[in-house]
Structures are given as structure tokens and as C-alpha cells.
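Undergrad: Provide a 3D model corresponding to the input given below.
(2 chains)
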Number of protein chains: 2
Amino acid sequence: MNASVSNNGLDPSRLAIHQISLLEQCSFRQSIELFSSKNIPATGVWYDKLHEAGIDEARTIVADHGIAIPAVCAGGLMTHRNDLEFHKSIDRSRRMIDHTAEIGGRSLVVLAGGLENGEKDIDYARKRALEGLARLVEHAANTGIRVALEPLHPMVTSLRSVLNTLAEANDWCDQINAEGILGIAVDTYAVWWDPRLDEQIARAGKRIFGFHISDWLADTRDVRVDRGMMGDGVIDLAAIRAAVDATGYDGYYEVEILSARDWWQHPPAQVVETIKQRYQTAM
Amino acid sequence: MNASVSNNGLDPSRLAIHQISLLEQCSFRQSIELFSSKNIPATGVWYDKLHEAGIDEARTIVADHGIAIPAVCAGGLMTHRNDLEFHKSIDRSRRMIDHTAEIGGRSLVVLAGGLENGEKDIDYARKRALEGLARLVEHAANTGIRVALEPLHPMVTSLRSVLNTLAEANDWCDQINAEGILGIAVDTYAVWWDPRLDEQIARAGKRIFGFHISDWLADTRDVRVDRGMMGDGVIDLAAIRAAVDATGYDGYYEVEILSARDWWQHPPAQVVETIKQRYQTAM
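TA: Next up, the predicted model:
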């Protein structure tokens, strides 16, 4: 082992790699086969890939390779003012919950949604998303699938999520009050800058259903798809991991790197090997 | 007047245009001459331009044209771990305070600073910036210049400012406790997404020393220099302005648009005319 790096002793059986980390390189099947061959025990499914493969085929692939599915990404996006659009969005997420169950997944990751074209009332958008979330949670309760509400970074407020802090995610969970069904996905990329981070991770406690990991690059060039490999950025990943672990979190450490200019351009096996190495040295 | 737009009746004498809105087009002198010819009563000085012009020359230009200087941008950047670098940074900002006084300016806008290369301890960086701020405030108190602490958007946490919310800016002001000397610059671009925005604007109250205005573009392509003209983005500027006004704020509405791909490419007179129009129709 290289003397300049440390081995943090993280349990390899807790490593998950999200399919979106190989968005450009692998189909649903190819990613599962690759993870299996590299002894990666779990993945976060990217719903578009699941849809391409088809539910029956996907279920078979997953079962054949014994890969765990802690999360399917991502449902929600429920900020439409128009009732028809709003309910279409909820129906779509209900189907995603059903599909999550059908492939043996554990949680559907849910995003609030951004601001529609022309919408400037962010308070309204937040109320609307909360209303949609409550409806999804009702459906989830009937299926055994958990809903993991994920706040996103404030730089994608208008594009993807008017929910931008763990504090507000905790508030929404308090309001809906569905313990064991509604929880939170903590994403290092979204929350690392938050001065209330430690306090709100502790408050989330058993609500933490997922823990997504990537790094923030100092020279970030895109608001959505320029995330960094662990160790290549500025986030104190070990500190955030320790705070999450201190809540009793015993789920997967889910590596989710959206990287159009870098990691989506590499051979997928190399990406997986790099993640395995950095999992031991950079978080 | 176009029937599709409304005239909000904003007082033209409260419009300021920051020099950085014409960063690529105008020298210090050129921008002041342009603002004067277009009846813009005030500007936020960009310190690099002031430095280029020289203090004596700048003072003369400003006085000759009767332009008010609510703000000089931007000092601070005080997160260095190394004592020598830290004190150099403070000394530089002290000189900026002196220069602000020499050209008849009212406030120095101060940024916390980001994360140095290799620094991952954001709590330390915040403590360091607060320590630096306290020293600057001591100096400001001796000069009659005010310090306007400006939280920046969380997407520039590592580049420019580990201070990212109005709540924390208010906390820092509470801790330093220098009423009338230390206050806050509220920038719509930095804070529009914050679920605690209204509450923290009200809490800031008389601390609001400056109010910077630009819009957030839905297709933002750069984390620093892709701000939008008022009305071209998603921010409810009128709502934020109303919240600021409700505190009793009677200072300038300071248009500060950093726009490498758009407004820095236009003839400066056209930019100023567009700002004047949008000032009446889009905020």
C-alpha cells in the first residue's frame, strides 16, 4: 500500500456504486455485470436505465448477480401549478415505487422539483412539492418501499429541487410524520457547505435512508454534471461520514458521481477500480 | 410604454450600477462618465478599476461627476491558515477601507473568503474569517467607513466565501456587535433560494447596508460570472425588494451583473439603458 495514503478500514460490503456514475458507458445489464465482476455488492438504479432494460429483464439480471438495490433514482419533481401535470408527475412516481418493489429495491429517492418555466413563487413550489410528497408516501406505505427525500444543492434550485437544506427536509418529514416510510437521502455534494450540517444530520437520525457520496471540485464547470471523485475535491468526506455514522446509520455508502467531462469518459472498469481505491483512502 | 409590462414607480434616484456590470467594457473613468451621462446617480466601485485609475484621479473623477459611492467591492478573503497570509489579507482590506474613505465611499463590501488549496476544514475557515472581520471592523470604526458583510451563494463556498446564508451573516454581526459599523450586503443572486430568507432579512433590519441585484438564469453555465439581467431569470426580485424595503432600507438598489457570455459583450450604453428599463419593469 502506498505510504502516502491511509486505509480507513471501511467495510467493502457497504460500498454501493450508482448506475449514473457510468451513465454514458453502461446499459443496465452492463453495469450490473461489471459491479458483480468487481465484487461491488450494491447499486443505486438509474430509472431511465431500468426503463430501457424493462422490469422483467432487470429483475432477472439483478437476481442472477445478487446485487442489492438500496435506491432507485429519482422520482418526484412535483412542483407543477397545473393539476393535470402535477398528478401525472405523482402517478409516474407511484409507478416508480411499484417498479422499485418489483426489482427488489429498498427506497425510491424523491426530488422536490424545480421552478417551472415562468414560475417565480418558490414558496408555492415548495408547498406543492410537499403536497405531492405526502401522496407518494401514502402509496409507499402500501408497498413496503421507503421514500428517501433528497435535498439538492442550491445551485439547482430552479432546475431540480426547491428543497435545498437538510433542515427543510427534516421539517417536511416532521410534517408528514411517516416514520420508517419517509426518510432522507443525504448527499455530500448537496449539503457539505451547510453551516447547520452536523446539527441537521443528528436531527435526521434514523431517517437517513441513503448516503450519497461524491466530491466538490474547486473548478466546478457545470451546475449538474461536474461532480468529483472522492479525494479530488474540497469536501471533508470523512467528517460527514462520521456524522452520518454517529446516527447509527448502517446502510450503504453510495458513490454517485455525475461527471460529463471526466468520469463518464473513462472505461467503466477503470472508474470502478478508482472508486474502490478511493473508498479506502479518501473518505 | 409597453402594455405588457408594469411601471413599478421605483425612484430613479435610488438606482446604482456597479462598475463590475461593465467589467470588460469600461475603465473607472469611462464607467463614471457613462453613468453621469445616463443620469445614474450612484455606483459600486470595483476595486481593481479604482486601483488602475489611482486614488487621486478616481477621487477627482467621482467628484467632478457627482456620483455617489455606496459601496466598494470587495475586501476580505481572510481564511488563510498561515498567519503571514492572513495578516497580509487583513492589511490589504484595511487599505481598501482607507481608499473607500478617500474617494468618498460609504461601505466596503467584505467577503469571508473560500477554502485554500488543500483546506478541508470549513469550520476553521469560518472561524478565521470571523476573526479577520473583527479586526477589519476595528479599523473601520476609526475611519467612518462601514463594513458590509456579504454572504455568497453556496456554489462559490470553496472559491470565494465560506459564509453562505443571511442567518450566519446575522450571527457574525451579533458576535462582533458593532452596530452602525458592521452590517450586511444582501445580494439577490446569493440568497434568493434560502427558505429562511424573509425571516433573516427582517432580522437583519437596520444592518442592511447594501442591496445588490441581479437575476438567476435557469440555464446557468458558470458558477461566478453568468448572472442575469433583472427579468431574464427566475428570482422574484419584487418580493425580495419588498422584504428589504420593509426593514426601512432607504439605500440604493445596486445592480451588479457579472455576465461573461452576455452583458460584458454588449456596448456599455446599451447595458445601462437596459438596466434603467428593467429597473422600472422587472423588480
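Undergrad: mind listing what A:Phe86 touches?
TA: A:78, A:80, A:128, A:132 (Cβ atoms under 8 Å, 6 or more residues apart in numbering or on different chains). Where you see a C-beta, it was placed from the backbone N, CA and C, and this is true even at glycine.
Undergrad: what of A:His65?
TA: By Cβ under 8 Å, 6+ apart, A:His65 lies in contact with A:32-33, A:35-36.
Undergrad: go again with 10 Å.
TA: By Cβ atoms under 10 Å, 6 or more residues apart in numbering or on different chains, A:His65 lies in contact with A:29, A:32-37, A:43.
Undergrad: and for A:Thr43?
TA: Neighbouring residues of A:Thr43 by Cβ under 10 Å, 6+ apart: A:16-22, A:28, A:31-32, A:34-36, A:62, A:65, A:67-72, A:105, A:252, A:254-255.
Undergrad: quick one: buried residues of stretch A:120-128?
TA: Neighbour-count burial for stretch A:120-128, counted by 16 or more other Cβ atoms under 10 Å in any protein chain shown, picks out A:120, A:122, A:125-126, A:128.
Undergrad: actually stretch A:89-107, not the one I typed
TA: Neighbour-count burial for stretch A:89-107 flags A:89-90, A:93-94, A:96-97, A:99-101, A:103, A:105-107 (criterion: 16+ other Cβ under 10 Å).
Undergrad: burial of A:Asn82, as a residue count?
TA: Here the number of neighbours of A:Asn82 (other Cβ atoms under 10 Å in any protein chain shown) works out to 9.
Undergrad: from chain B, how far out is A:Ile69?
TA: 31 Å (Cβ to the nearest Cβ, to the nearest Å).
Undergrad: backbone torsions only: list them for that residue.
TA: Backbone torsions of A:Ile69, given as degrees, to the nearest 10, read phi -120, psi 80.
Undergrad: per-residue pLDDT, the residue lying closest to it once chain neighbours are set aside?
TA: Distance criterion Cβ to Cβ, 6 or more residues apart in numbering or on different chains; nearest residue to A:Ile69, sequence neighbours excluded, is A:Gly105 at 3.9 Å. Here the pLDDT value assigned to A:Gly105 is 98.
Undergrad: coming back round to it: now, the buried residues of stretch A:89-107 that are in strands?
TA: In strands, judged by DSSP state E, the following of the buried residues of stretch A:89-107 are found: A:Ser107.
Undergrad: so who does A:Ile40 touch?
TA: By Cβ under 10 Å, 6+ apart, the contact list for A:Ile40 reads A:12-13, A:15-17, A:31-32, A:34, A:67-68, A:255, A:272, A:275-276, A:279.
Undergrad: what score does it have for pLDDT?
TA: A:Ile40 carries a pLDDT score of 98 in this model.
Undergrad: closest one of the buried residues of stretch A:89-107 to A:Asn142?
TA: Nearest to A:Asn142 among those is A:Ile97, at 9.0 Å by Cβ to Cβ.
Undergrad: quick check, the closest one in contact with A:Ala140.
TA: Yes: between A:Ile97 and A:Ala140 there is a contact at 5.4 Å, judged by Cβ atoms under 10 Å.
Undergrad: now do the shared contacts for those two.
TA: Joint contacts of A:Ile97 and A:Ala140 (Cβ under 10 Å, 6+ apart) are A:75, A:107-108, A:110, A:146-147.
Undergrad: most neighbours of all those residues, which one?
TA: Counting by other Cβ under 10 Å, top hit in the shared contacts of A:Ile97 and A:Ala140: A:Leu108 with 32 neighbours.
Undergrad: would you check that that one makes contact with A:Arg146?
TA: Yes: using Cβ under 10 Å, A:Leu108 is in contact with A:Arg146, at 7.5 Å.
Undergrad: got any residues that touch both of the two?
TA: A:71, A:97, A:100, A:140, A:209.
Undergrad: so which of the shared contacts of A:Ile97 and A:Ala140 is the closest to chain B?
TA: The closest of those to chain B turns out to be A:Val110 (Cβ to the nearest Cβ; 17.8 Å).
Undergrad: export the contacts of A:Phe86 to CSV and tack on distance to chain B?
TA: As requested, the contacts of A:Phe86 are exported to CSV (distance: Cβ to the nearest Cβ, whole Å):
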residue, distance to chain B
A:Met78, 17
A:His80, 15
A:Arg128, 14
A:Gly132, 17
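Undergrad: now compare those residues and name the two farthest from each other.
TA: For the contacts of A:Phe86, the maximum inter-member distance is 8.8 Å, found between A:His80 and A:Gly132 (Cβ to Cβ).
Undergrad: buried residues in stretch A:219-238?
TA: Buried-residue list, stretch A:219-238, by 16+ other Cβ under 10 Å: A:220, A:222-223, A:226-237.
Undergrad: end to end on that stretch, go ahead and measure it.
TA: Chord length of stretch A:219-238, first to last residue, is 21 Å (Cα to Cα, to the nearest Å).
Undergrad: now that stretch: average pLDDT?
TA: 97.
Undergrad: from the chain's centre, how far out does that stretch sit?
TA: 15 Å (Cα atoms, centre = their mean, to the nearest Å).
Undergrad: checking my notes, A:Asp198 in a helix, right?
TA: Yes: the assignment for A:Asp198 by DSSP: H, G, I helix; E, B strand; the rest coil puts it in a helix.
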